[in-house]
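Asks: With the sequence up front, the predicted model follows.
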Amino acid sequence: MSESKNLQRLPTRIADVGGIPIHRAIPQKALRKVGAWCFLDHAGPAEPPPPGMQVGPHPHIGLQTFTWMIKGEVLHRDSLGNEQIIRPGQVNLMTAGRGIAHSEESQMAHVHAAQLWIALPDSHRHIEPRFQHYPELPKSQVGDYDVTVLAGESLGLTAPAEVHTPLMAVDLLAHQASPARASYPLRADFEHAVMSLSGHVLVEGEHLPEQELIYLPAGTEAVNLECAPGSRLLIIGGEPMDEAILLWWNFVGRTTEEMQQARDQWEAEAATDASTINGAARRFGPPVASPLKSLHAPSLEGVSLRASK
């Protein structure tokens, strides 16, 4: 790669999800997605008051939700009947496909995680919903970092998560004994983004605070990293996705009409435990076995959805 790394620094915005403060890095006006990664929240670290993070049943279509747990425990329940506690060092992958609903409830006071969404390509966005839990992930070392391969392939290791587009995600944890340094190899045909999850992180000599993201365009073959002992960072990447997508609320689709239909179907299903709605099978499956109230979808009236490529 050329001497200039073409670093693009992008601010995150602060939001709240179920009582947990988060830094939302993707999507934003300047960066709608990185490969097929179309959503990135850095949740916590936080210790919310009891009962902790509580996200009631809500729907998804056209995407995969990807949760990387760093600290704490969260109980996942979904409309397929799955109940799974995710613990530190584990990944939950939920493929929404044509439609699924789920809830999330923290089981411990402290929560620290990365929550990402993967936009499903047109060839897979109507597939049957599925949930997979990955308690064991491939690990390696680069320089002074312990590396966990979360998704896709990196360092010759392949993560078990079943994805449908060329992408990658890795977690790097700096050794505790001394400042960590490494040149991390990247695929030149991928675009990438780097986010600090904790500690003091330098990317190509520039400080990366937790409230910022650094974007690396396609053509980048490696990135130089320096971190204080115990610091942690996330690298995601993927082949640029040339499909135009719409992202609204918890849905990824292609047209406003599709989003409106999904919204209306969810609102009808959330209002009843009936096994069918107007004689048709429930799109989002049976009610989630959660004590929490279902979330209501906001109105689409007056909303102008912007397609991203």
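Replies: Here it is on my side, so go on.
Asks: Which of the helices or strands spans the residue nearest in space to the middle of the chain?
Replies: Geometric centre of the chain, nearest residue: Leu116, 0.3 Å, by CA atoms, centre = their mean. Assigned by DSSP states H and E, Leu116 belongs to strand 111-119.
Asks: Mind giving me the packing neighbours of that strand?
Replies: Helices and strands touching strand 111-119, by 3 or more CB pairs under 8 Å, 6 or more residues apart in numbering; DSSP states H and E, are strand 37-46, strand 63-71, strand 191-198. Using the backbone N, CA and C atoms, a C-beta is placed for each residue, glycine as well.
Asks: Tell me the bridge partners for the nearest residue to Arg32 once chain neighbours are set aside.
Replies: Using CB to CB, 6 or more residues apart in numbering and skipping residues adjacent in sequence, the residue nearest Arg32 is Ser308, 3.3 Å away. According to DSSP bridges, the residues that bridge with Ser308 are Ile245.
Asks: Relative to Phe131, which of the helices and strands packed on strand 111-119 is closest?
Replies: When these are compared by CB to CB, strand 63-71 sits nearest Phe131, at 9.4 Å.
Asks: all strands for the stretch 151-300 of the chain, in order.
Replies: 157-158, 167-174, 180-185, 191-198, 201-203, 206-207, 212-216, 222-227, 232-238, 246-248, 251-253, 276-277, 280-281 (DSSP state E, counting those that start in this stretch).
Asks: now those strands in CSV, with distance to His102, mean pLDDT and mean neighbour count?
Replies: Converted to CSV, these look like this (distance: least, CB to CB, whole Å; pLDDT from 0 to 100; neighbours: other CB atoms under 10 Å):
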stretch, distance to His102, mean pLDDT, mean neighbour count
strand 157-158, 26, 98, 14
strand 167-174, 21, 98, 25
strand 180-185, 33, 97, 18
strand 191-198, 24, 97, 23
strand 201-203, 32, 96, 22
strand 206-207, 37, 93, 12
strand 212-216, 26, 96, 22
strand 222-227, 34, 97, 20
strand 232-238, 22, 98, 25
strand 246-248, 18, 96, 20
strand 251-253, 14, 97, 23
strand 276-277, 19, 90, 12
strand 280-281, 18, 90, 8
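Asks: Phe66 bridge partners, please.
Replies: The partner list for Phe66 in beta bridges (DSSP bridges) reads Leu93, Leu116.
Asks: same check, this time on Leu225
Replies: Here Leu225, judged by DSSP bridges, has bridge partners Ala182, Val203.
Asks: ok, Pro286 touching Thr276?
Replies: No. In this structure Pro286 lies outside contact range of Thr276 using CB atoms under 8 Å: 10.9 Å.
Asks: I'd say the residue nearest to the centre of the chain and Met168 touch.
Replies: No. Using CB under 8 Å, Leu116 is not in contact with Met168; the gap is 11.9 Å.
Asks: Now stretch 121-137: buried residues?
Replies: For stretch 121-137, burial by neighbour count (16 or more other CB atoms under 10 Å) applies to 125, 129-131, 134, 137.
Asks: Out of the residues you listed, flag the one nearest to Ala161.
Replies: Tyr134 (6.0 Å).
Asks: Name the nearest residue to that closest one, ignoring sequence neighbours.
Replies: Per CB to CB, 6+ apart, closest to Tyr134 is Val91, 4.4 Å.
Asks: If I look at that neighbour, what pLDDT would I see?
Replies: Val91 is assigned a predicted lDDT (pLDDT) of 98.
Asks: State the number of residues packed around it.
Replies: 24 (other CB atoms under 10 Å).
Asks: do the same with Pro49
Replies: By other CB under 10 Å, neighbour count at Pro49 equals 7.
Asks: Tell me the spacing between it and His76.
Replies: 22 Å (CB to CB, to the nearest Å).
Asks: And Gly52, by the same measure?
Replies: 14 Å.
Asks: pLDDT weak spots in the protein?
Replies: 1-6, 309 (pLDDT under 70).
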